[in-house]
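In: fold the following and give me the result.
(2 chains)
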There are 2 protein chains.
Amino acid sequence: MKELTTDHISQQFNNELELLRQHFLTMGGVVENQVQDAVQALLDANGSLAEDVKAQDTTVNQLDGLIDEECRRILAKRQPAASDLRMILSISKAVSELERMGDEAKKIANLTLNLINEGESPRGYVEINRIGQMVSRMIHDSLDAYARLDLEAAVKVAKQDRAVDQEYNTAMRSLVTYMMEDPRSISRVINVIWVLRSLERIGDHARHTCQHLIFMIKGIDVRHVNVNELSADMSKK
Amino acid sequence: MKELTTDHISQQFNNELELLRQHFLTMGGVVENQVQDAVQALLDANGSLAEDVKAQDTTVNQLDGLIDEECRRILAKRQPAASDLRMILSISKAVSELERMGDEAKKIANLTLNLINEGESPRGYVEINRIGQMVSRMIHDSLDAYARLDLEAAVKVAKQDRAVDQEYNTAMRSLVTYMMEDPRSISRVINVIWVLRSLERIGDHARHTCQHLIFMIKGIDVRHVNVNELSADMSKK
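Out: Residues are numbered from 1 along each chain as shown, chains lettered A, B, ... in the order given. The predicted structure follows:
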């Protein structure tokens, strides 16, 4: 926070911004757990863990509302400019990304509960495990980047998303082949496909979260720049 | 705009807010066309229309950046409070929804081009046609609601999304049955499923767009309220 706040006269304003960032990181931690638990519940066919994931959604939504309200209150009361304004707007947008990640985790939990009710044993989904680990890592790293306001770490997360997309495409191809070879597996495999799709989308949200951070730190809008251009741009800093 | 701006002394500030809203509606119009064209290109196996949809993405991204910058400039320069602050923050978030709708339209266009390259004739997809029309209507109605700052219209769009989700689930069930009966159709049907999933997501974004509008007008956060509660709340206005 140092670089972004040294210009402030008001210590109270500093505290407010710090609190805002803390709340954002708290919410991120909840979502990170939610995603990990959603994957674990599916892999272990653990219904009560899936219910926990769904229950956590209320907390996530409350934090979303709370942080948004904080952003508005600071904007109205402190009328920040320059980097403080960027920080508040970035957090306001990044919070929406976290909230959507939570929604996807909830979807995975609902699928898990359906699978369990239908007597399906959803164990051993190699692809879900691998891609689940990749996106959990992305969330973790993006929160880390926020905690340390670390530009390079943020760019790294944006790059990880490309690997997730590749894994996802490979998994999709092999699942389609699998269904063709064993049509009886179709309805089960379709559920695996939904989970993968949710995980891939969580990866997208993690990338967007980091793009908001990069904007916050550098003041450039990187959302529509691809990863290579991003690295080139980084070297100019 | 009248209700939200009568308190302003500065005519220039009014003009800035009006311009911001105009840009938002312009961007919405581009995205609305993009989604309609993406569906049409798929149904007609029209490659050049699909290329147009992809090309429009640049315009959408530029408008996204432009409107975000306008929001920041107004916040820094005018230091708005109350309803003006809500309006700017709502537009800043709604713009992200529009941009994501454009991303989904681009995905549909890419799928269309793949299908054409593979010599698949993607004609006659009843479900895509129907759900495509439903979500196009949602985008149109949500922009209309923004243009007229119409609270009830916004709530109506939120309700349309529920119908989209139901259609989507029905379509999914029949497609899975279809694949089971004719496993040779799997890879083709999977593409239909991706398109439906993109359309369903566009419906979600349209709903979120309207939720931002409802927040803008009423100052209540409705994102985590369900449709029934929303109607009950409406009656209290």
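In: quick check: residues of chain A near chain B?
Out: Proximity of chain A to chain B (CB under 8 Å from any CB of the partner chain) is limited to residues A:61, A:64-65, A:68-69, A:71-72, A:75-76, A:79, A:81-82, A:85-86, A:89, A:92-93, A:96, A:99, A:172, A:176, A:179-180, A:183-184, A:186-187, A:190, A:197, A:221, A:223-224. All C-beta atoms are positioned from the backbone trio N, CA, C, and that covers glycine.
In: which of the residues you listed are buried?
Out: With neighbours counted using 16 or more other CB atoms under 10 Å in any protein chain shown, the residues of chain A next to chain B contain these buried positions: A:61, A:64, A:68, A:71-72, A:75, A:79, A:85-86, A:89, A:92-93, A:96, A:99, A:172, A:176, A:179-180, A:183, A:186-187, A:190, A:197, A:221, A:223.
In: need the contact list for the most centrally placed residue in chain A.
Out: In chain A, the centroid-proximal residue (CA atoms, centre = their mean) is A:Ala206; its distance is 3.8 Å. By CB atoms under 8 Å, 6 or more residues apart in numbering or on different chains, the contact set of A:Ala206 is A:Glu97, A:Met101, A:Val135, A:Met138, A:Ile139, A:Ser142, A:Val157, A:Gln160, A:Asp161.
In: inside helices: which ones of the buried ones among the residues of chain A next to chain B?
Out: Using DSSP state H, A:61, A:64, A:68, A:71-72, A:75, A:85-86, A:89, A:92-93, A:96, A:99, A:172, A:176, A:179-180, A:186-187, A:190, A:197 are the members of those that sit in helices.
In: which one among the contacts of A:Ala206 gets closest to A:Ser48?
Out: A:Met101 (21.8 Å; CB to CB).
In: hmm, A:Ile139 and that closest one touching each other?
Out: Yes - with contact defined as CB atoms under 8 Å, A:Met101 and A:Ile139 form a contacting pair (6.8 Å).
In: where does chain A dip in pLDDT?
Out: Within chain A, the ranges that satisfy pLDDT under 70 run A:1-9, A:120-124, A:220-237.
In: circling back to that earlier point, overlap of the contact sets of A:Met101 and A:Ile139?
Out: Common neighbours of A:Met101 and A:Ile139 (CB under 8 Å, 6+ apart) are A:Val31, A:Val35, A:Ile202, A:Ala206.
In: which stretches of chain A form helices?
Out: Ranges of helices in chain A, per DSSP H, are A:2-5, A:11-44, A:47-78, A:82-117, A:126-148, A:151-181, A:186-218, A:227-235.
In: quick one: closest of the ones you listed to B:Leu113.
Out: Taking CB to CB, helix A:151-181 is the member of the helices of chain A nearest to B:Leu113, at 15.9 Å.
In: and the angle from that closest one to helix A:186-218?
Out: Calculated by axes from the mean of the first three to the mean of the last three CA atoms, to 10 degrees, helix A:151-181 forms an angle of 170 degrees with helix A:186-218.
In: in helix A:151-181, what's buried?
Out: Residues A:151, A:153-158, A:160-161, A:164, A:167-168, A:171-172, A:175-176, A:179-180 are the ones in helix A:151-181 that count as buried (16+ other CB under 10 Å).
In: check contacts around the spatially closest residue to the residue nearest to the centre of chain A that is not a sequence neighbour.
Out: In space, A:Ala206 comes closest to A:Met138 once its chain neighbours are excluded; the distance is 4.0 Å by CB to CB, 6 or more residues apart in numbering or on different chains. Contact partners of A:Met138, counting by CB under 8 Å, 6+ apart, are A:Val157, A:Gln160, A:Asp161, A:Val164, A:Ile202, A:Gly203, A:Ala206, A:Arg207.
In: could I get these as a markdown table with distance to B:Ala109?
Out: Putting the contacts of A:Met138 into a markdown table (distance: CB to CB, whole Å) gives the following:
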| residue | distance to B:Ala109 |
| --- | --- |
| A:Val157 | 27 |
| A:Gln160 | 26 |
| A:Asp161 | 21 |
| A:Val164 | 22 |
| A:Ile202 | 24 |
| A:Gly203 | 22 |
| A:Ala206 | 25 |
| A:Arg207 | 21 |
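In: how close does the residue nearest to A:Asp144 when sequence neighbours are not counted get to chain B?
Out: Leaving aside its chain neighbours, A:Asp144 sits nearest to A:Ala153 (6.2 Å; criterion: CB to CB, 6+ apart). Separation of A:Ala153 from chain B (CB to the nearest CB, to the nearest Å): 23 Å.
In: go on, A:Glu70?
Out: For A:Glu70, the distance to chain B equals 12 Å [CB to the nearest CB].
In: number of residues surrounding that residue?
Out: The tally of other residues near A:Glu70 (other CB atoms under 10 Å in any protein chain shown) stands at 20.
In: before we move on, back to that, for PyMOL, write the select line for the buried members of the shared contacts of A:Met101 and A:Ile139.
Out: The buried subset of the shared contacts of A:Met101 and A:Ile139, as determined by 16+ other CB under 10 Å, is captured in PyMOL by this line:
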select buried, chain A and resi 31+35+202+206
